[in-house]
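A.B. asks: Here is a sequence with its predicted model. Questions after.
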Amino acid sequence: MIVPIGDVNPRKTIPFVNYILIAANIGAFFWQFAQPHPETLIKDYALYPGSYSVTTLFTSMFMHASLAHLFGNMLFLWITGDNVEDRIGHASYVIFYLAAGIAGQFAHILTCTGEALEIPTVGASGAISGVIGAYLVFFPNSRIKFMVLFFFATFTSPSWLAIGLWIATQAALIYAQVHGKDTSHIAVFAHAGGFALGFAFALFHRLFLRGRAGG
């Protein structure tokens, strides 16, 4: 099994917003499962595509279904978020992260039908997909570090290739869901919506706002 473990991409600032977001997600997860009835929190704070609220649009972004779900999301945020924050500025990064998450939520809501409208949705995947999209635009030639588990061998890959493979995986999942071949209930359209917003924002920033980052 091959997993990403970091990147080779220096930054100029301390990405404290990214650290806070990671800490908030981890803290929310352990608080959730420390409760006597964590399923009650899912009922109250998860996103139900058929009956969502402004509150659950945000709270669901900081909840996760399992430790593996949390770990995977935080790993990608750790690898890509620091450099995106460094590029656009701390204050802008907060707004961008939340906007990407909301874009992902609405992409999921608009593509849900039937029973899926009543399935609770949790996770930061939409927001993190937005960060990945921005990372691809800003740093297409940076190097992503990977480890081959059990062999402890490492290698690097250009980010355009690594993220390109991730995009191909998401496309395959979308195809499977559209054709009824996947019943995993992964909110893959949330990934697509978040990624699209992140990619578009970063492209606009790179073309018209370069050098104006602050915060």
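C.D. replies: In hand now; what should we look at?
A.B. asks: Distance from the least confident helix or strand in the chain by mean pLDDT to the middle of the chain?
C.D. replies: None of the helices or strands of the chain scores lower by mean pLDDT, DSSP states H and E than helix 38-45, at a mean of 88. The chain centre lies 21 Å from the centre of helix 38-45; the measure is C-alpha atoms, centre = their mean, to the nearest Å.
A.B. asks: Which neighbouring elements make contact with that helix?
C.D. replies: Secondary-structure packing of helix 38-45 (3 or more C-beta pairs under 8 Å, 6 or more residues apart in numbering; DSSP states H and E): helix 54-59. The C-beta positions use only the backbone N, C-alpha and C, and glycine is treated the same way.
A.B. asks: tell me which residues of the helix it packs on are tucked away?
C.D. replies: Neighbour counts over helix 54-59 (16 or more other C-beta atoms under 10 Å) mark 56-57, 59 as buried.
A.B. asks: cool, and stretch 174-188?
C.D. replies: Of all the residues in stretch 174-188, those buried under the rule 16+ other C-beta under 10 Å are 174, 177, 186-188.
A.B. asks: measure residue 30 to residue 38 for me?
C.D. replies: Plainly put, residue 30 is 10 Å away from residue 38 if you go by C-beta to C-beta, to the nearest Å.
A.B. asks: Give me the distance between the residue most central in space within the chain and residue 22.
C.D. replies: Central residue of the chain (C-alpha atoms, centre = their mean): residue 128, 1.8 Å from the mean position. As for residue 128, its distance to residue 22 is 10 Å (criterion: C-beta to C-beta).
A.B. asks: Make sure the residue nearest to the centre of the chain is actually in contact with residue 73.
C.D. replies: Yes - counting by C-beta atoms under 8 Å, residue 128 touches residue 73, with 5.5 Å between them.
A.B. asks: which residues in this protein form strands?
C.D. replies: Assigned by DSSP state E, the strands in the chain fall at 2-8, 143-148, 153-158.
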